[in-house]
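> Have a look at this prediction, sequence included:
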Amino acid sequence: MIPAQVIEAKRDGHAIDPGTLRAFLDGYLDGRVEEHQMSAFLMAVVFQGLDPRELDDLVDIMIGSGASLDLSDLDRPRVDKHSTGGVGDKVSLALAPLAAELGLYVPMMSGRGLGHTGGTLDKLEAIPGFRTDLDLAAFRRVLESVGCAMIGQTAEIAPLDRRLYALRSVTGTVPSIPLISASIMSKKLAEGLSGLVLDVKAGSGAFLPDEARALDLARTMVGIGEARGVPTEALVTAMDRPLGRTVGNALETVEALACLAGGGPPELRALVVEEAVAMLRVAGQGASDDARRRRARAALDDGSALARMERLVEAQGGDPRVVASPDRLPRAPVVRHVRAQRGGVVDAVAPRPLGEAVVAMGGGRRRLDDVVDLRVGYRSLAAPGDVVEPGDSVGEVHAADEAGAAVGEAALRAALVVGEGGAPHRPLVSHRVTASGVEAFRTG
Ligand code: URA
């Protein structure tokens, strides 16, 4: 295997045979293929894609680069969900304890904020003491005692993905259907799951904004899971606006806790419920979607999902008192209300500028080793369809200082469109993608 020839072959649109692909990737892990060569190869994949056989090979090589969990001795289905990344997406924080309360094991390995999108690990770490770096033995203990456990990708799981992902995030090579699919599915399939739900975002705040590409991504990932014997389904969900009314780590954690307590924004609750329904479905649990929905809503309304969250926080070293008193979470010292300059109906709240502003305010990373200010972000954001009068607050900016608040205010003003109403926006869940194909989503 001569690295330059592999790069040239992919650049010119040829398929790479299995032995050569393996040698090239192994060579990257042991230093014979250099970072700049892998960067060039990844960019060639962004333009030329991978055929189904190459993608299968890539997934298997990525899974095989590390350990896989064996959770087959657990007595209930093991189901995880993964989102392709969005702004204000705090679903996992509410969903994991909810699904555990509904009788599933949820071994959840999540990521940190990436680009303009937030990450579950950062949101969890807003809870004082909460540890997301458990080793696999401790992860398993928490999973068995609480029913869910939430950690970061450990060094043992898919190390090839860790290296490739870090490189992709700084070389403009994230938005590629085969690369995203292999990255996500290699990590998930190493978790020893008996079912998987994928939340594939579509809209301007998603990595792949275009609906047709989001559907393609969903189909590709579902195919990878099903081919390896893991029942997998994807929901294509709206990311043309932030999810819920908060963006930023600690503020999103507060909103997720409100959802677990039976409240929170209706869109957040609806998505958490639909994803819980999908998790029960892939696990073969429940008589019908209506019955699954009823159970999920009841667990949010009767306090049992919230109590499960309290157990999780305690088991992972966090301060369990935050669950009942979210005001114990860290708060930013500067809070600025942004006021509508004209009245009307909110036609759009663009998610990407808000996600980028949170990063600029210190709430995300520009480099992998940046320390994140978990307090900053937005609260009480306006949403499409809201009616506003001139002078009404359309959102609070939470910032470390006045300079940060100014950045946050400018971004919210740029993101917000107040008009006559009636601007189109995406349905919260537009499609369901399963092994049998794509169907328009109908909620109950
Ligand atoms: N999340 C991942 O884990 N990998 C990607 O490539 C994109 C989003």
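Cool, got the structure.
> In this protein, where is pLDDT below threshold?
Applying pLDDT under 70 to the chain flags the ranges 368, 444.
> domains for it, by residue range?
Listed domain ranges for the chain are 3-49, 79-326+428-440, 331-419 (source: automatic domain parsing).
> Could you identify which of these is most buried?
Highest mean neighbour count among these (mean count of other C-beta atoms under 10 Å): domain 79-326+428-440, with a mean of 22. For the C-beta atoms, the positions are set from N, CA and C on the backbone; glycine is no exception.
> Now do the end-to-end distance for that one.
23 Å (C-alpha to C-alpha, to the nearest Å).
> is that domain anywhere near the ligand?
Yes - residues of domain 79-326+428-440 are located near the ligand by C-beta under 6 Å from any ligand atom, namely Thr84, Gly85, Gly111, Tyr165, Val174, Leu179, Ile180, Ser183, Ile184.
> Pull up the gap between the residue nearest to Thr117 when sequence neighbours are not counted and Arg32, please.
Spatial nearest neighbour of Thr117, chain neighbours left out: Gly85 (3.9 Å); criterion: C-beta to C-beta, 6 or more residues apart in numbering. Here Gly85 is placed at a distance of 32 Å from Arg32 (C-beta to C-beta, to the nearest Å).
> Repeat that for Thr132.
Thr132 sits 33 Å away from Arg32, going by C-beta to C-beta.
> what's the answer for Val349, then?
Val349 is 48 Å from Arg32, by C-beta to C-beta.
> Equivalent analysis for Ala405, please.
Taking C-beta to C-beta, one finds Ala405 at 50 Å from Arg32.
> Any idea how far apart the tips of stretch 257-270 sit?
Terminal residues of stretch 257-270 lie 15 Å apart, using C-alpha to C-alpha.
> which residues touch it?
Stretch 257-270 is contacted from outside by 90-91, 93-94, 97-98, 243-245, 255-256, 272, 300-303, 305-306, 309, 322-323, 326, 383, 428, 443, using C-beta atoms under 8 Å, 6 or more residues apart in numbering.
> which residues sit in contact with the residue of the chain found nearest the ligand?
Residue nearest to the ligand within the chain (C-beta to the nearest ligand atom): Ser183, separated by 3.4 Å. Ser183 makes contact with Met62, Asp161, Leu164, Tyr165, Arg168 under the criterion C-beta under 8 Å, 6+ apart.
> what does Met185 give?
Listed by C-beta under 8 Å, 6+ apart, the contact set of Met185 reads Val59, Met221, Ile224, Gly225.
> Looking at those, which is nearest Leu354?
Distances from Leu354 to the contacts of Met185, taken as C-beta to C-beta, are shortest for Met221 (26.6 Å).
> Assign a three-state SS to that closest one, would you?
Classification of Met221 by DSSP: H, G, I helix; E, B strand; the rest coil places it in helix.
> what sits against it?
Neighbours of Met221 in contact, by C-beta under 8 Å, 6+ apart: Ser181, Ile184, Met185, Leu198, Val200, Thr232, Ala234.
> Those residues in helices, which ones?
Under the assignment DSSP state H, the contacts of Met221 contribute Ser181, Ile184, Met185 to helices.
> Contacts only, for Ala383.
Contacts of Ala383 were listed using C-beta under 8 Å, 6+ apart, and they are Arg241, Pro242, Arg245, Pro265, Glu267, Val346, Val349.
> Could you rerun that using 10 Å?
Counting by C-beta atoms under 10 Å, 6 or more residues apart in numbering, Ala383 touches 241-245, 265-267, 346, 348-349, 394-395, 425.
> Just the ones of those in helices?
If you go by DSSP H, the contacts of Ala383 have Pro266, Glu267 in helices.
> Can I get the contacts of Ala383 in JSON lines including distance to Ser288?
What follows is those, written out as JSON lines (distance: C-beta to C-beta, whole Å):
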{"residue": "Arg241", "distance to Ser288": "31"}
{"residue": "Pro242", "distance to Ser288": "32"}
{"residue": "Leu243", "distance to Ser288": "27"}
{"residue": "Gly244", "distance to Ser288": "28"}
{"residue": "Arg245", "distance to Ser288": "31"}
{"residue": "Pro265", "distance to Ser288": "27"}
{"residue": "Pro266", "distance to Ser288": "23"}
{"residue": "Glu267", "distance to Ser288": "24"}
{"residue": "Val346", "distance to Ser288": "36"}
{"residue": "Ala348", "distance to Ser288": "36"}
{"residue": "Val349", "distance to Ser288": "35"}
{"residue": "Val394", "distance to Ser288": "40"}
{"residue": "Gly395", "distance to Ser288": "39"}
{"residue": "His425", "distance to Ser288": "29"}
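> quick one: which of the contacts of Ala383 is nearest Val358?
Pro242 (10.2 Å).
> Test my guess that the closest one contacts Leu381.
Yes - Pro242 lies in contact with Leu381 (C-beta atoms under 10 Å); the separation is 6.2 Å.
> between the two, what contacts are shared?
Gly88, Val349, Leu354, Gly395, Ala415.
> so what's Glu211 up against?
Neighbouring residues of Glu211 by C-beta under 10 Å, 6+ apart: Ala202, Gly203, Val236, Arg426, Ser430, His431.
> Swap in 8 Å and give it another go.
With C-beta under 8 Å, 6+ apart, Glu211 has these contacts: Ala202, Val236, Arg426, Ser430.
> how about the strands in the protein?
For the chain, applying DSSP state E gives strands covering 79-83, 106-110, 148-152, 195-202, 232-238, 334-339, 344-349, 377-379, 387-388, 393-399, 416-419, 429-434, 437-440.
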